[in-house]
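In: Compute the structure for the input listed below.
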Amino acid sequence: KGDKEYFQSREDRAKLDGMYECILCACCMTSCPSYWWNPEYYLGPAVLMQAYRWIADSRDQFTDERLAWVNDTMKLYRCHGIMNCTNCCPKGLD
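Out: Okay, here's the model as predicted:
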C-alpha cells in the first residue's frame, strides 16, 4: 500500500488531457439517442470517456481487463457517431 510511485512521461500524461476535466454533468448522456434507446446496455459517452481515461493511463495495471469489459456490441459499439455528446458538453470535451 503506497510502496511505489508510478511515473509517466510527459507524452503519456498529455494523452489524459481532456479526460480529467469532465464534471459528470450528464449532458452528454441525456443528449445521446443511442443511450436513450438502450440505457440498460449501452454505457453512454460519460462512462466510456471515464473508462478510456483509465485505459489510456500508462500507469494502469488493468488495461486488458478494462478493454475486455467494454468490448461488447451493446456496451461500446452502440455509438453511432451522432456527436450530440460533443456538441452539448459545457467543458468542450470530445
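In: following the helix ranked longest in the chain, which helix or strand comes up?
Out: When the chain is parsed with DSSP state H, its longest helix is helix 45-55. Downstream of helix 45-55, the next assigned helix or strand under DSSP states H and E is helix 63-70.
In: tell me which residues of the helix or strand following that next one are tucked away?
Out: Next in sequence after helix 63-70, counting helices and strands by DSSP H and E, comes helix 84-88. By 16 or more other C-beta atoms under 10 Å, the buried positions in helix 84-88 come out as 84-85. All C-beta spots, glycine's among them, are computed from the backbone N, C-alpha and C.
In: what residues are up against residue 27?
Out: Contacts for residue 27 (C-beta atoms under 8 Å, 6 or more residues apart in numbering) come out as 85, 88-90.
In: and which of the residues you listed is nearest to residue 19?
Out: Using C-beta to C-beta, residue 89 comes nearest to residue 19 of the contacts of residue 27, at 12.3 Å.
In: returning to what we had before: tilt between the longest helix of the chain and helix 63-70?
Out: Counting by axes from the mean of the first three to the mean of the last three C-alpha atoms, to 10 degrees, helix 45-55 points 160 degrees away from the direction of helix 63-70.
In: Can you list the buried residues in helix 45-55?
Out: Buried positions in helix 45-55, judged by neighbour count with 16+ other C-beta under 10 Å: 45-49, 51-53, 55.
In: Identify the nearest residue to residue 42 in space, disregarding sequence-adjacent positions?
Out: Using C-beta to C-beta, 6 or more residues apart in numbering and skipping residues adjacent in sequence, the residue nearest residue 42 is residue 78, 4.0 Å away.
In: Let me fix that, I meant to ask about residue 24.
Out: In space, residue 24 is closest to residue 46, 6.5 Å off (C-beta to C-beta, 6+ apart).
In: Could you verify my assumption that the one you found touches residue 28?
Out: Yes - at 5.4 Å, residue 46 counts as touching residue 28 under the criterion of C-beta atoms under 8 Å.
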